[in-house]
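Colleague: Prediction below, plus the sequence it came from.
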Amino acid sequence: MFLLQALGSNGSGQLGIGHKDDVSVPQTVILPSSLTTTSAGPRCIAAGGNHTLLLLSSGELLWAGDATTGACGRLTCPPNDVSDPAALTPEFRPVDLSPLPQGAQIQLAAATWTASTVVATVAASHKDTGVSTRVYSFGAGDKGELGLGPSALRAPEPTQVPDFPPIGTWVVDLASCMGHVVAVLSNGEAWGWGSGRKGQLGSPAIAAVCSPRRIEGVGFKVVRAVCGREFTCLFGAPETGEIIVLGSDKWGVRSQAPGSVVWWKDVGAGWSSVFVLKEEGALLSWGRDDHGQLAREDLGRVRNIAVGSEHTLALTEDGDVVAWGWGEHGNCGPIREGPQENGQRNRIASNKTLPTEQEGKITMIGAGCATSWVIIEKT
């Protein structure tokens, strides 16, 4: 069984901890009672402006936070529960996936400010062989964030993005930020939709890309994508190290990017910065740093990273979870008084100091819009 803890911004109950107050120390989230001691742990955490998606390795999808936009899917309240979404107890609940085909399994999840996108594997039709992927979106967005066409500004339940991915391909990676979404396909292409005014979805740069559009002129096979507020960073295979940044160059996020980044282990992006975790445990970063968002050299060897809006978490080889950056909501731990020229930085959790009732090991971390997450596999 796993234990999920959260801290940071919580005005809409997006932490799922039973109330709507910000917290600066990790609090245990409330998970559905249907989860058992053998339930699979999290695969990813996707955070929108005021909602959170928790994707389990089993394919189960849970939500917490502001459900009024539709970004948490269609609400199905228990008989004795209230019908007003804002009055629901802030905790994680299952997303209603009944609109998906029987047997569909969620593999990837991402969130814009007021919408959510998931990739599901489904049994292929008789014309094909094996398994194919379909993309579903739900929520709201007036700049094409749903990918459902120019007339679709709202989808209260998971709705399939039509004619995507192209026949013979499947989605292998999914990324998003406040207003745009990027999907990486099995053939190395990157496609995107949503806000494209700054060129973050390639050329032509237009305000709203309402359906999936191939990002042209990349020049290499893409295997990973990360999205910032007005930019997209695409990566080639770790052994070749190709990289390209599209969109706004505010904070030098494009002009400061290295020519190549070989042997990366993981990548991430905040609203205004990019992070690359190397195989040997070093962490590279570039972009905005006025609140201490970028990585410091004294982190030591890093095992995992999670990049939020303007803060980052690192799980070190020593078993510490270190958070740094813009921490005004407590997402980087207790807020220190006085001016913070280098932002907040705290060790918010550690394998060495887990309480007895939390006996286990920290295996995963997550970060969202001023929210931070720690996953403990209990023994």
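Modeller: Sure thing, it's come through.

Colleague: so where's the stretch 51-200 of the chain shaky on pLDDT?
Modeller: 76-87, 124-131 (pLDDT under 70).

Colleague: ok, which stretches of it are helices?
Modeller: For the stretch 51-200 of the chain, helices defined by DSSP state H, counting those that start in this stretch do not occur.

Colleague: What is the burial count for the closest residue to Ala367 other than its chain neighbours?
Modeller: Of all residues not flanking Ala367 in the chain, Gly308 sits nearest, at 3.3 Å (CB to CB, 6 or more residues apart in numbering). Where C-beta positions appear, they are placed from N, C-alpha and C, glycine not excepted. Per other CB atoms under 10 Å, the neighbour tally for Gly308 reads 28.

Colleague: Check the one 4 residues further on too.
Modeller: Residues near Thr312, counting by other CB under 10 Å, number 26.

Colleague: Correct me if wrong: it contacts Phe275.
Modeller: Yes - using CB atoms under 8 Å, Thr312 makes contact with Phe275 at a distance of 6.3 Å.

Colleague: Can you pull the residues that touch both of those two?
Modeller: Taking CB atoms under 8 Å, 6 or more residues apart in numbering as the criterion, Thr312 and Phe275 both touch 268, 285, 295, 305.

Colleague: Just the buried subset of the residues you listed, please.
Modeller: By neighbour count, with 16 or more other CB atoms under 10 Å, the shared contacts of Thr312 and Phe275 hold 268, 285, 295, 305 as buried.

Colleague: any idea how far the first one lies from Val274?
Modeller: As judged by CB to CB, to the nearest Å, Gly268 and Val274 stand 8 Å apart.

Colleague: Need the residues touching each of the two.
Modeller: By CB under 8 Å, 6+ apart, Gly268 and Val274 have these common neighbours: Val226.

Colleague: ok, back up a step: in strands, which of the shared contacts of Thr312 and Phe275 fall?
Modeller: Here DSSP state E is the test, and these give 268, 285, 305 as lying in strands.

Colleague: Okay, and the beta partners of the last one?
Modeller: When you say that, I think you mean Ile305. On the basis of DSSP bridges, Ile305 is bridged to Ala314.

Colleague: list the contacts for it?
Modeller: For Ile305, the contact set (CB under 8 Å, 6+ apart) comprises 266, 268, 275, 277, 283, 312-315, 365.

Colleague: What of Arg347?
Modeller: Contact analysis of Arg347 by CB under 8 Å, 6+ apart lists 320-323, 333.

Colleague: Tell me the predicted confidence for it.
Modeller: Note for Arg347: predicted pLDDT of 96.

Colleague: May I see the buried residues of whichever strand or helix holds it?
Modeller: In the assignment (DSSP states H and E), Arg347 maps to strand 344-350. Applying a neighbour-count criterion of 16+ other CB under 10 Å, one finds 344-346, 348-350 buried in strand 344-350.
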